[in-house]
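Q: I would like the atomic coordinates for the input below:
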Amino acid sequence: MAFDKHGTTRRALLATAATGAAFVAFPRMICPAAAANSEFKIGLFIALSGPASLFGPTQKACAELATEEINKNGGILGRQIKLIPTDAGGPPVESTKSAIRLMLEENVDMFVGSHDSATREALVATIKGKVPYIYTPTYEGGECAFNTYVIADTPEQQIHPSLTWMMKERGAKSVYLIGDDYVWPRKCNEHAHKYIAENGGKVVAEEYVPFGAPNKFEEIVTRIKSAKPEMVLITLVGADNVNFNRTFAGFGLDKEILRLSLLLEENTLLGIGSESSNNLYSSMSYYANAPGEANKKFKAAYFAKFGAKAPQLGLIGADCYGGIYCAQALATKAGGTDASKCMAASEGLSFATAAGTVTMHGRHVDKTEYLAICKGTEFDIIKTFENVKSGDECKA
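A: Sure thing, here's the model as predicted:
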């Protein structure tokens with residue numbers, strides 16, 4: 001996911017390996033699936049601390065809404081869902097320790113995760129396919145681990161159509177790439193290079209910065225000013241995205257150069273502010289003001305439950321709603337959580353999301369994507385790309 005905030009150090013890798021080894025050493029401590037009429041436990045990995053914690057309240061609220069709706073209709077296989085929110089905002093090794101605890105002590109039936117890519121990779125290595133794991137936010141593609149299911153936006157869905165449209169309709173042929181220094185921006189930009197070339201454009205420069213609020217971006221914006229690109233493709237996260245765009249507009253470049261940001265949702269746009277959002281675009285599969293009856297119904301239920309003080313809706317949060325419904329659909333179709341049966345059941349699996357019903361193919365999801373331009377601190381959807389294939393086909 002986009003909001004990775006930790007470099008993958010040798011120490012972290014060794015620690016992750018050690019916790020995984022400890023888990024393998026005690027496989028018999030994992031109990032069989034709970035008996036009928038007991039709780040169906042879902043470990044929910046979300047950002048409750050750290051730089052991405054601004055998403056945490058929305059993630060938790062959306063998952064709780066889905067859980068309440070499903071439980072009112074009989075739960076999963078006749079069992080009421082017990083949601084176990086777990087912090088994934090710290091170092092990946094801490095999440096792996098939590099995963100082992102949830103498997104050994106809580107005997108969780110499934111995991112749903114809305115967190116960064118480094119944590120996903122660590123969890124995949126730790127869970128080892130023993131418990132179904134559903135990954136929900138926008139990401140860099142390519143995850144095909146056993147018993148892992150992805151409902152996230154992929155580069156083929158999020159970047160390809162929007163970048164192509166910007167280059168053709170806005171004439172932005174020269175592109176400057178700026179991102180945080182970790183797997184999501186680098187992998188996304190590998191795809192961006194290909195899409196830019198196929199549309200007759202060129203990358204004028206590419207650079208990455210360490211993740212963290214101290215980045216002030218004056219030097220980078222000065223280099224962008226000298227390079228004179230027609231568009232900047234932004235894979236910065238959270239506070240970095242806010243600070244970059246404020247600095248960019250402060251230099252007056254927003255009047256001349258287009259910007260397309262790949263993790264720009266409602267919370268981040270509020271931080272950027274209306275004075276810095278001129279000529280700023282975003283591409284995602286969900287916005288709070290997206291059209292459609294499904295989103296209208298979702299928002300009505302969300303605000304009925306949480307009221308006027310409900311956390312700000314956005315993609316990072318609404319993805320958890322879809323994640324819980326994916327868990328319900330997968331377990332129901334498979335008749336339980338057996339890995340081989342879940343893998344087989346995933347092909348052609350349909351389930352509800354905040355944006356509407358989606359269908360899984362190759363353990364990824366085809367979905368509608370939107371391109372929006374910022375109008376102050378609101379999104380104005382200017383282009384809809386219907387039923388975009390994920391571009392990732394994993395074997396069932």
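Q: elements contacting the top helix by length along the chain?
A: Counting by DSSP state H, the longest helix found in the chain is helix 315-334. Helix 315-334 is packed against strand 40-46, helix 56-72, strand 81-87, strand 110-113, strand 133-135, helix 339-346, strand 350-351, with contacts defined by 3 or more Cβ pairs under 8 Å, 6 or more residues apart in numbering; DSSP states H and E. No exception for glycine: its C-beta is placed from N, CA and C like everyone else's.
Q: which one, of those, ends up nearest to Q158?
A: strand 133-135 (15.0 Å; Cβ to Cβ).
Q: tally of neighbours for T247?
A: Other residues lying near T247 total 20 when counted by other Cβ atoms under 10 Å.
Q: quickly note the distance from it to E207.
A: Distance of T247 to E207, computed by Cβ to Cβ, to the nearest Å: 14 Å.
Q: coming back round to it: and the angle for the longest helix of the chain with strand 81-87?
A: Per axes from the mean of the first three to the mean of the last three Cα atoms, to 10 degrees, the angle that helix 315-334 makes with strand 81-87 is 140 degrees.
Q: flag every buried residue along helix 315-334.
A: Buried residues in helix 315-334, counting neighbours by 16 or more other Cβ atoms under 10 Å, are found at 315-331, 333-334.
Q: okay, the helices and strands packed on helix 315-334 in CSV with mean pLDDT next?
A: As requested, the helices and strands packed on helix 315-334 are exported to CSV (pLDDT from 0 to 100):
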stretch, mean pLDDT
strand 40-46, 98
helix 56-72, 97
strand 81-87, 98
strand 110-113, 98
strand 133-135, 98
helix 339-346, 98
strand 350-351, 98
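Q: any chance of a markdown table for the ones you listed, columns distance to D153?
A: As requested, those are exported to a markdown table (distance: least, Cβ to Cβ, whole Å):
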| stretch | distance to D153 |
| --- | --- |
| strand 40-46 | 17 |
| helix 56-72 | 16 |
| strand 81-87 | 23 |
| strand 110-113 | 15 |
| strand 133-135 | 11 |
| helix 339-346 | 18 |
| strand 350-351 | 16 |
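Q: of all the ones you listed, which lies closest to E219?
A: Nearest to E219, of all the helices and strands packed on helix 315-334, is helix 56-72, at 31.9 Å by Cβ to Cβ.
Q: and the residue nearest the centre of the chain, what element?
A: With distances taken as Cα atoms, centre = their mean, P137 lies nearest the centre of the chain, 1.5 Å away. For P137, there is no enclosing helix or strand under DSSP states H and E.
Q: F111 reaches L123, doesn't it?
A: Yes. Contact between F111 and L123 holds when scored by Cβ atoms under 8 Å: they sit 7.2 Å apart.
Q: what sits in contact with each of those two?
A: Common neighbours of F111 and L123 (criterion: Cβ atoms under 8 Å, 6 or more residues apart in numbering): 45, 99, 133.
Q: for the stretch 151-300 of the chain, which segments count as helices?
A: 155-158, 160-169, 183-198, 218-227, 239-250, 266-272, 293-306 (DSSP state H, counting those that start in this stretch).
Q: most packed of those helices?
A: helix 155-158 (a mean of 25; mean count of other Cβ atoms under 10 Å).
Q: which other residues reach it?
A: By Cβ under 8 Å, 6+ apart, the surrounding residues in contact with helix 155-158 are 138, 140-141, 187-188, 191-192, 262, 283-285, 367, 369, 385, 388-392.
Q: using PyMOL, define a selection of the buried residues within those.
A: Those of the contacts of helix 155-158 that count as buried under 16+ other Cβ under 10 Å are selected in PyMOL with:
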select buried, resi 138+140+141+187+188+191+192+262+283+284+285+367+369+385+388+390+391+392
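Q: R120 belongs to a strand, doesn't it?
A: No. Assessed with DSSP: H, G, I helix; E, B strand; the rest coil, R120 is helix; it does not lie in a strand.
Q: could you report the neighbour count for it?
A: By the criterion of other Cβ under 10 Å, R120 has 29 neighbours.
Q: now do the one 10 residues further on
A: Burial of K130, expressed as a neighbour count using other Cβ under 10 Å, amounts to 17.
Q: is it true that it touches M103?
A: Yes. Using Cβ under 8 Å, K130 is in contact with M103, at 6.9 Å.
Q: CA atoms only: put stretch 304-320 into CSV for me.
A: Listed next in CSV are the C-alpha coordinates belonging to stretch 304-320 (Å, rounded to 0.1, in the frame of the first residue of the first chain):
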residue,chain,number,x,y,z
ALA,A,304,-26.9,6.9,10.4
LYS,A,305,-24.5,4.8,12.5
PHE,A,306,-21.8,7.4,13.3
GLY,A,307,-23.7,10.7,13.0
ALA,A,308,-22.3,14.2,12.2
LYS,A,309,-19.0,13.4,13.9
ALA,A,310,-18.3,10.4,11.6
PRO,A,311,-14.7,10.1,10.4
GLN,A,312,-14.1,11.6,6.9
LEU,A,313,-14.9,9.0,4.2
GLY,A,314,-12.3,8.1,1.6
LEU,A,315,-10.9,5.2,-0.3
ILE,A,316,-8.6,4.3,2.6
GLY,A,317,-11.3,3.3,5.0
ALA,A,318,-14.1,2.4,2.5
ASP,A,319,-11.8,-0.4,1.3
CYS,A,320,-12.3,-2.1,4.7
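Q: sounds good, over and out.
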